[in-house]
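J.: Pasting the sequence and the predicted coordinates here, then a few questions.
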Amino acid sequence: MNDHSTVMGSGAPGGREQAVVPDKPKNPFGQFLRKFSKQKLSLIAGIFIVMLFLVAIFAPFLTPYNPDTPNYDKMMAGPSADHWAGTDEYGRDILSRLIVGARLSLAVSLSSVFIAAVIGTILGLLSGFYGKWLDRLIMRGSDVLFSFPDILLAIGIVAILGPGLLNVVIAVAVFGIPSFARMIRSVTLSVKETLFVEAARSIGAKDSRIIWRHIFPETVPSVIVNLTMKIGTAILAASSLSFLGMGAKPTEPDWGAMLSMGRDYLSIAPHVVYFPGVAIFLTVLAFNLLGDGLRDALDPKMKN
Amino acid sequence: MNTPLIEVKGLHKSFVVKKGFLGESKYVRAVDGISFAIRKGETFSLVGESGCGKSTTGRLVTRLLKPNEGEVWFNGQNISAYNDNQMRPVRKEMQMVFQDPYASLNPRMKVKDIVSEPLLIHTKMSSRERDKFATELLEVVGLSSYHAERHAHEFSGGQRQRIGIARALSVRPSLIVADEPVSALDVSIQSQVLNLLQDLQEEYGLTYLFISHDLSVVEHISDRIGVMYLGALVETAGKDALYDRPLHPYTQALLSSVPVADPSQKKERIILKGDIPSPVNPPSGCRFHTRCPSCMDICKQIQPVFQEVEPDHRVACHLYDETIMGKDGVHIN
Amino acid sequence: SSNNNNAAGSENGSSPSSSASAPSESGAAPSKNGNNPVIAVNANFITLDPHNTSDTLSITGARTMYEGLMGFDDNMQVVPVLAESYEISEDGLVYTFKLKQNIKFHDGTDFNSEAVKVNIERILDEKNNLRFRKSFAKVSKIETPDAATVVFTLSEPYNAFLNKLAMGLMISPAALTEFGTDISKHPSGTGPFKFKEWVEGDRLVVEKNPDYWQQGLPKVDSVTFKPVPENGSRIAMLKTGEADFIYPMPTEQVAEVEGDGNIVVDKIDSTIVRYITLNTMKKPYDDLKVRQAINYAIDKDAYLKVVKSGLGAKLDSTMSSKTQFYSQQPAYDYDVEKAKQLLSEAGYPDGFDAEIWGENDSESVKGMQFIKQQLELVGIKLEVKSMEGATLSDQINTPATPADAKIQMWFVSWSPSSNDADGATRGLFSSTMFPPAGSNTAYYKNDNVDKWIEDANKATDPETAKTIFADIQKQIWADAPWAFLGVDQVISGKRNNIEGVTVLPDGSINILKAEVK
Amino acid sequence: MGRYALQRLIGIVPLLFIVSVLVFMFIHLIPGDPARLIAGKEATLEEINQTRVLLGLDQPLWKQYLSYMKDMFQGDLGNSIRSGLPVTEMMKSRFLPTLWLTLLSMAWAVVIGVVIGIVSAVKRNKWPDYAGMLIAISGISIPGFWLGLVLIQIFSVQLGWFPTGGIDSWKSYVLPSLTLGAGIMSMIARFSRSSMLETMREDYIRTARAKGLMEFVVVGRHALRNSLIQVVTIAGLQFGFLLGGSVMVETVFSIPGLGRMLVDSISFRDYTVIQAELLLFAAEFILINLVVDLLYGVLNPKIRYADN
Amino acid sequence: MTANKLLEVDGLKTEFKRDGGSITAVDGVNFHINKGEVLGLVGESGCGKSVTSLSIMRLLKDTPGKISGGAVRFEGSDLTKLKESDMRRIRGKDMAMIFQEPMTSLNPVLRIGKQLEEPIRLHLGYNRKKAREHAIQTLKLVGIPRAEELVDDYPHQLSGGMRQRVMIAMAMSCHPKLIIADEPTTALDVTIQAQILDLMRRLKEEKDMGMLLITHDLGVVAEMCDRVVVMYAGRVVEEASVKDLFEQPQHPYTKGLIRSVPKLRQNVRRLESISGNVPDLSRMPAGCKFAPRCPFVMEKCLSAEPDLVAVEGRTDRKSRCWLTQIDERGGETVHEYSAD
Ligand SMILES: Nc1ncnc2c1ncn2[C@@H]1O[C@H](COP(=O)(O)OP(=O)(O)OP(=O)(O)O)[C@@H](O)[C@H]1O
Ligand SMILES: Nc1ncnc2c1ncn2[C@@H]1O[C@H](COP(=O)(O)OP(=O)(O)OP(=O)(O)O)[C@@H](O)[C@H]1O
Ligand SMILES: [Mg+2]
Ligand SMILES: [Mg+2]
């Protein structure tokens, strides 16, 4: 028996190491999925959102009625077998409008948040990386933006640019920028101090490479988390704009517009506001839950 | 003795530290007048306690930091005033290995990309060539080619440090600055990495600036050693000279503080009083006088000169200053 | 979701002006506010300087404390108030007023002819840049032969002058000297109520003037006006009794509160007309057939039902039936086929793409959506552009010439401030009134109409004026520069223990006879 | 600390200057002609022009700005274009309601938010955690105006507990501040939960337990204060949100506050008022953040004693 | 001997929930500490030293960890069975702990004095004034100058060495019978480490406490300890007196460890090293956990895990290796060591 005792990894310096790295590479995405799937609420929220997207994409095939066709004989009828969510002040089918509205509400909030994220991230990266006057400029700028109540900023922007979908998107985007910029800046500041950035510098990497290849990927989880959370805020902001009469197009079935137009009927035909209200609530809730889940799954500090 | 590969003359570096509430800026004199030279093929080590400026020195040498004062000569060029673009070709010649193998590798990059990143920057190799080169390098440092596709976080500390070393080697530098390359590693792993560093030095004729706080490790790997205290060198000497005849009281205390892994060997210990002063307000005179067991009046007022008292053995201490101590001086060993 | 505890249900009131459910008087819940009723309105008071108001609400506020030589009755007819009687010269240039005697301003000084002169001169002084200057621009001379007589001499005949005088309220000259431009914060008139406090944005409180010249009035100790911009909140206040009277009553909720025994809803036809201007100088609206087609394509009954919750009347002239010199016109009855036919004849068998502008308040937005739905049926694809008011006004008034104008259709309303026919015509249809000079956004130009407007103003005889205005209305109606929609009702809600608060057709509130039971 | 505060205060000046330029440009960029809006719809062109001259709006923009700044340095914010009332006076009466509203909203939002956060963190992944987070997330998922209207329906119309609006007594503030604070409460609840969780993982919490301390002492004395330090920062940033939210809440609850005044003045292009108010908002926001920073120092000895 | 036993850890097993499954961080650890004795616990990072100490103190709250077996007898009573409130009475009073990180183990927002007074008032029932005096006394005991002023400082105002002294004072303040020190000097510089070790040695002798000293530094072990327990991958692999351990290490891991540490003035060209890495707890090899790295590995090692048995018939000398068992006993069944 003793003869068989082999010397594995005889301690030769620089000798190869085996069996330490697992055979199957640990896929970071797989790991993330595993962690995420344990967050049950977030998982449900994620599924809800996926379904919402499907609804939005296939809206034209799903609506039981033409969402724009009025029926003046059936105005503000409560929920019934024909109209699950009742009809609105023109006798249009609310369910159909909600379905089509998902499109618009998602489009507005997603695109505005996306724009805000892109610009905010770039500003945050530059501000955090270069510091000094650039940082001061960007941060003071975002202070100013922050100090303007966001709604007012949006009112101003819509007033300047005129109403319309794109302008609402821009308005909502603008007041999302500072929060991204600040957050990314602080991540950048801490990543900038990490050894691997110093290592990149020490091998002669250019700033652009350091920012793009080394710092930016580190900010992605925060961006994603903030993005999901901000989508909720953006839906609400867009609906607040509608409340102040500055929403998207009044003729389009945007949820916020439905809610704000319907508020005059709150006491006589509550379903007119109830359903869009619930749609907004659930969607915002879902995005926030998703964001929470993503944060936990993406945050290396949250192990369990 | 051939010409030094790197020579550092009177380096100073201070950092502004905003002390928050009162908004006053103060300065940390992280490196305060350091001179040394490293010859080709030699291992020069810097030792000293935490915060004494070892890493800062390393970063000044590699020009990751610009000195406030003083010069860094590398291969006969004064690189202290180079800008980023001028530095880039020089960086090919000097690479770094960092203390923390966990933090110094980008967790989101594949090993082959980490290892070949310097090639991407400094050479015109195609990505195929780079990958091939990277796998070869991995073999050199004792990893396998199949590790190339993995991410850094899948490796253990010792393996990561090997990846870091492979990265440093990729552009065939002449100087490697290793900032505490083994202090984050377990003892059983530490020796693997130390051996690897030694092997590579032999094979590629590398010059090392080795930074560590572990006197035993330093003794093992170095040819010459500099002992730092509060931003300044207090003693430099060849290994044997330093360990056999430490001159500076701080070096002596340091050496005697190292716990010995041998219960039979009970040695006399110099236990210093007090804590390491803050580099924000370093003591006047000799920086060490607040803790020095043989402190004299003069030490409190006048900063001793860093001078050669024996061939290739320099020390900054009034005890060896002939003008003060008289010709014979006083040696406490 | 309403507190329908009161068993007394109500059929729709047969009375044309009030749909009170008329519960027994004794069943009325006592007012929460005692003898100090609270009136919730939808906007803020801007100023209490009666010569510088341009919004109806500020006029309401001013009229609680101030009176003019003339005034409006509940039907917006001009009646003497501080004037005992008046005479107009044959040529329509000299107006002689006898003033009532023994009337005192709130500060104790006398009301007399001198006071009238001081007031009119204040209005006319260019330095003051008061909004009423234009109304009195034709006054060339003002004389006070004695304390009880005032004589106005006009530079040319102006048959709306009495209406304008009804707007010109009298301020105590002593107060004017004392407070100057600050008079807005220290009102002192002859009215039934005295100023108590004005917290800008929160409330205006006026208290009973014990020395009021009309015996037995006012009957309440004070009245508080509260701006409550949100419809839902205003009606909630009425329900809870925090407010005794609200105006405007949101049309959407009328049906609901009509079942509430504690609440009475009053509706009367107003002088507010709703219409869409069609840019007659722009293709395709330059074609009469297109304009007529649009008029035929809109179902006015549906408009009232959908947009106005059934409250209001169809617009059957260029002005409301309550306005001076109104003359009814034959209706453009809803007829989709005819509309399509007219469009074909005009060369648009498949309709066309069009754009409608309007403000972003919910009423306009709702209205424009409705119009879009209607025009769609005849093939006109309408894009609705709702804009914030000031932006819209800028869009309309920036182009200097009709050729530059971008405006196609404008969903809008109008009410003449002093309810005179001139005010309901000149600014809207005279070719001198193209934007930016005036509100003729239809860019309507008819030489006859231009001339008639001038003639009518100068007509000294009301009957002559009336015929001229009938011609004007007929011509414009036939030319259809507007799509005529409806006449609003002014709708107010009150607790059933409040009496005597009325809303005039122009939307101003009269609290002179307010009474709590 | 005094000197630091002073320095920071002085630092506000250039920032306000930038803000003033931006605000000035911003509001003049918004289309709309105050002269026309003020003169009324029946006004003649001549009247409108005269009004414009009277308001100085015919001057080039930079001249308008200079004269505005000149007046401002003399403490004169001008008169409202629309009503002619002095802007300072208008703001004075509008300031208190908004201040109360924001402070009350902030107060309950912080207290409840922190309590929910702590309970959720301590009972992590148990039902109180889920309940707390559901409440918290609901707070940000409901549009403010909608919540306000529903609260009025329930608590004013149905139950008659609170007035529908106004500023007549403390009761008037209950529903508006509930509405306004809901969003912030949620933010704070979520934030304090995560910062509490983070704190509970700290080494010194283990130290505290190793001393044999009761759990509530560990949470209350050792964890709470450390996590509050972070909560304060977030709360400060939320003030901007409050000021914005007040626009809506003041409209729904008929509160004569700054927010409503701003919306009104924007719709009338009442430049002087908008300008003054936006400057006030900016100053307020900056001041609050200064206070937050100071508070941060008070709570965090590391900063307080940084001078050694 | 039993009467002398202060603490007895018997088959302690602690598991962590992780990603659905669970890992056993501490697996059947046995050792004891006598009164007045310093027991060293050495091993590489992640081998379970800290978890062992936290399990003894039952401080695993808020971690996914749980004691799943074994007993911890302190003066005869099993701590794992105590109610939390009773355990609280022991923590800080009879058994105190010093943690590795002096920088983070003190609450940054509470004054030093306040943090020191907490256990004193709780366990000794002193009033505030008396507790403060006692705190100052203890601070002086651990060699802190100006203790009266220092109690009003905040932790960040102190250097690392001072903070560690405060931690020691805190642990000492209620005169515990046992101190568990988890790498008390790892974060400190050598000269400061020398001060602290010197202090701890003195205090231990004065107060006659038992001490569990956790470290990975063999040098520290050699200087401080009476006996040593070596851990590898959650298990005890060797137990010996300090002298025996360094002179005749039994387990191949211990041997490798001792030899791979560079020693001053030793002058070897190459260091010995143990190849390979510490195994991941979630994918542990069957058989001896050290087998994959062991230069003397045999077939048996790969399939069966050896027990911790007495070496050469000595009760104070144990090793967990087939080699020692086979070599010494010629392959016979060996006498198994049992704790009782
Ligand atoms: N970027 C910086 N900004 C401010 N202070 C710094 C910076 N870098 C280093 N310092 C300070 O300079 C001094 C020397 O730091 P340095 O990192 O060189 O020490 P070191 O000897 O490497 O210590 P260690 O052994 O802890 O790594 C320290 O007091 C440190 O706080
Ligand atoms: N809170 C925790 N959650 C999950 N796993 C843990 C936790 N604490 C410890 N572990 C696991 O338990 C094992 C033993 O850890 P432990 O901290 O006891 O090691 P150690 O010997 O103290 O190491 P070091 O020398 O680094 O302090 C490790 O593999 C670690 O992953
Ligand atoms: Mg360092
Ligand atoms: Mg540990």
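T.: Received it, and whenever you're ready, just let me know what you need. Ligands and ions are numbered 1, 2, ... in the order given.
J.: Go through the host helix or strand of residue E:30 and flag the buried ones.
T.: Using DSSP states H and E, residue E:30 sits within strand E:21-34. Using 16 or more other CB atoms under 10 Å in any protein chain shown as the test for burial, strand E:21-34 gives E:22-34. C-beta coordinates here come from the backbone N, C-alpha and C atoms, glycine included.
J.: low-scoring stretches of the stretch 51-200 of chain E, by residue?
T.: Across the stretch 51-200 of chain E, nothing is flagged by pLDDT under 70.
J.: which residues does residue 232 contact?
T.: Using chain A here. Residue A:232 sits next to A:109, A:283-285, A:287-288, A:291, D:140-141 when contact means CB atoms under 8 Å, 6 or more residues apart in numbering or on different chains.
J.: oops, I was thinking of chain B
T.: Contacts for residue B:232 (CB under 8 Å, 6+ apart) come out as B:31-34, B:53, B:287, B:306, B:316.
J.: For ligand 1, give me its nearest residue in the stretch 51-200 of chain D.
T.: Of the residues in the stretch 51-200 of chain D, the one nearest ligand 1 is residue D:198, at a distance of 24.7 Å by CB to the nearest ligand atom.
J.: Can you tell me the number of residues neighbouring the nearest residue to residue C:274 once chain neighbours are set aside?
T.: Using CB to CB, 6 or more residues apart in numbering or on different chains and skipping the chain neighbours, the partner closest in space to residue C:274 is residue C:485 (4.4 Å). Using other CB atoms under 10 Å in any protein chain shown, residue C:485 is surrounded by 26 other residues.
J.: which element is residue C:485 on?
T.: strand C:482-495.
J.: That strand pairs with which strands?
T.: Strand C:482-495 sits in its sheet next to strand C:245-247 (antiparallel), strand C:263-278 (antiparallel), strand C:313-314 (antiparallel), going by DSSP bridges.
J.: how about a markdown table for those strands, with mean neighbour count, mean pLDDT and distance to ligand 1 added?
T.: Shown next, in a markdown table, are the strands paired with strand C:482-495 (neighbours: other CB atoms under 10 Å in any protein chain shown; pLDDT from 0 to 100; distance: least, CB to the nearest ligand atom, whole Å):
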| stretch | mean neighbour count | mean pLDDT | distance to ligand 1 |
| --- | --- | --- | --- |
| strand C:245-247 | 27 | 91 | 66 |
| strand C:263-278 | 24 | 90 | 69 |
| strand C:313-314 | 16 | 90 | 79 |
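J.: out of the ones you listed, which comes closest to residue C:233?
T.: strand C:245-247 (10.0 Å; CB to CB).
J.: I would like the residues contacting the closest one, please.
T.: C:37-42, C:228, C:234-235, C:237-238, C:490-495, C:498, C:501, C:503, C:507, C:509.
J.: In strands only, show me those residues.
T.: Counted as lying in strands by DSSP state E, out of these, are C:38-41, C:490-495, C:498, C:503, C:509.
J.: Go through those residues and name the one nearest chain B.
T.: The nearest member of the ones in strands among the contacts of strand C:245-247 to chain B, counting by CB to the nearest CB, is residue C:40 at 51.7 Å.
J.: Ignoring the adjacent residues along the chain, who's closest to the closest one?
T.: Nearest one to residue C:40, counting by CB to CB, 6+ apart, is residue C:243 at 3.9 Å.
J.: Please check the contacts of strand C:245-247 and keep the buried ones.
T.: For those, buried by 16+ other CB under 10 Å: C:37-42, C:228, C:234-235, C:237-238, C:490-495, C:498, C:501, C:503, C:507, C:509.
J.: any idea which of the ones in strands among the contacts of strand C:245-247 is closest to residue C:220?
T.: Taking the ones in strands among the contacts of strand C:245-247 together and measuring to residue C:220 by CB to CB, the closest member is residue C:498, at 9.2 Å.
J.: Can you give me every residue that contacts the closest residue to residue C:263 other than its chain neighbours?
T.: Excluding its sequence neighbours, the residue lying closest to residue C:263 (CB to CB, 6+ apart) is residue C:257, at 4.6 Å. By CB under 8 Å, 6+ apart, the contact set of residue C:257 is C:2, C:235, C:238-239, C:249, C:263, C:265, C:493.
J.: which one in the residues you listed is the model shakiest on?
T.: Of all the contacts of residue C:257, residue C:2 has the smallest pLDDT value, namely 37.
J.: Show the pLDDT at residue A:14.
T.: Predicted confidence (pLDDT) for residue A:14: 35.
J.: Could you pull up the mean pLDDT of stretch C:460-470?
T.: Mean predicted lDDT for stretch C:460-470 stands at 86.
J.: quick one: buried residues of that stretch?
T.: Judged by neighbour count using 16+ other CB under 10 Å, the buried positions of stretch C:460-470 are C:465-466, C:468-470.
J.: Going along the chain, name the helices of chain B.
T.: With DSSP state H as the criterion, chain B has helices at B:54-61, B:84-91, B:111-122, B:127-140, B:157-169, B:187-204, B:215-221, B:239-244, B:249-257, B:297-301, B:322-325.
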